[in-house]
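1. Coordinates for the following, if possible.
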Amino acid sequence: MLSVGVLVALTVAGCSSAPTHPSPTTAAQQTSTDALLAPYGLTGSNAQQLIERLESMPVANRPATLRASVHPTELQLTDSGSGASAVLPLPAGHFHMSIAPYAVGTHECFFHSLTTCKGELGNQDVHVTITDKATGKVLIDETRRTFDNGYVAYWLPSGTTVSVRVEHGAQSAVADLSTGPEAPTCITTMKLS
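-> Okay, the predicted model is just below:
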């Protein structure tokens, strides 16, 4: 069993911690997406499909040399072996939020890495309630098993503030989060207590 210090050290190395403004998507990047993804058997996917495929993949099966970073409006792809990169736009009006609730240890993260980020509670049942703060409308109210990487992930309306409540057994965490253009896509600050 890994100690908390080792777990935190392993997970910090894999997540994007500081926001950067990505360069605009070029035609060359778009046309190279399938070539970049071919060695991983992931061709023919749009950003939403690719995010869902990678997020639900067992950690042991995730490509070691592929970096897939979720930003508020796009998915940035890099193959560390070939140096190739590509950018896929996210669906307009949608924001992808990945949440890793924790009880003991966490890591700093801003843009979620689909291939390297790992949370503490892999394959655990959590109940998640997400409410639009402006309207009071409940967007999500469900029990779901975290992915193997310890995250639960949701497509939410972009440009809003939501209240998120995560429950795991008798413990819970609550946070108000943004789905705006400068917002984090990787939430690792929800401590269960």
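2. Below-threshold pLDDT in the protein: ranges please.
-> 1-31 (pLDDT under 70).
3. quick one: the helices in it?
-> Taking DSSP state H to define them, one finds helices in the chain at 4-12, 27-31, 33-37, 47-56.
4. Gln76 versus Val164, what's the distance?
-> Per C-beta to C-beta, to the nearest Å, Val164 is found 24 Å from Gln76. For the C-beta atoms, the positions are set from N, CA and C on the backbone; glycine is no exception.
5. er, Thr106 actually
-> 23 Å.
6. same question, His94
-> His94 sits 16 Å away from Gln76, going by C-beta to C-beta.
7. which one of these two has more residues nearby?
-> More crowded of His94 and Gln76, by other C-beta atoms under 10 Å: Gln76, with 22 against 16.
8. Identify the residues contacting that one.
-> By C-beta atoms under 8 Å, 6 or more residues apart in numbering, the contact set of Gln76 is Pro22, Arg67, Ala68, Ser69, Ser85, Ala86, Val87.
9. Quick one: buried ones out of those?
-> Arg67, Ala68, Ser69, Ser85, Ala86, Val87 (16 or more other C-beta atoms under 10 Å).
10. Kindly indicate which of those lies nearest Leu50.
-> For these, the closest approach to Leu50 (C-beta to C-beta) belongs to Ala68, at 7.0 Å.
11. Can you give me the neighbour number for the nearest residue to that closest one once chain neighbours are set aside?
-> Take Ala68 and drop its neighbours on the chain: the residue closest to it by C-beta to C-beta, 6 or more residues apart in numbering is Leu114, 4.1 Å away. By other C-beta under 10 Å, 29 other residues sit near Leu114.
12. Same question for Ala175.
-> 15.
13. right, and it touches Leu192 too?
-> No - counting by C-beta atoms under 8 Å, Ala175 sits too far from Leu192 to count as a contact (11.5 Å).
14. Gly122 touches Gly150, doesn't it?
-> Yes - with contacts counted by C-beta under 8 Å, Gly122 reaches Gly150, the gap being 4.4 Å.
15. and these two? which has more neighbours close in?
-> Set Gly122 next to Gly150 and count neighbours by other C-beta under 10 Å: Gly150 wins out with 23 against 16.
16. In contact with that one: list those residues for me.
-> Ala100, Tyr102, Lys118, Gly119, Glu120, Leu121, Gly122, Gln124.
17. ok, it to Val70 distance?
-> Relative to Val70, and taking C-beta to C-beta, Gly150 is found at 16 Å.
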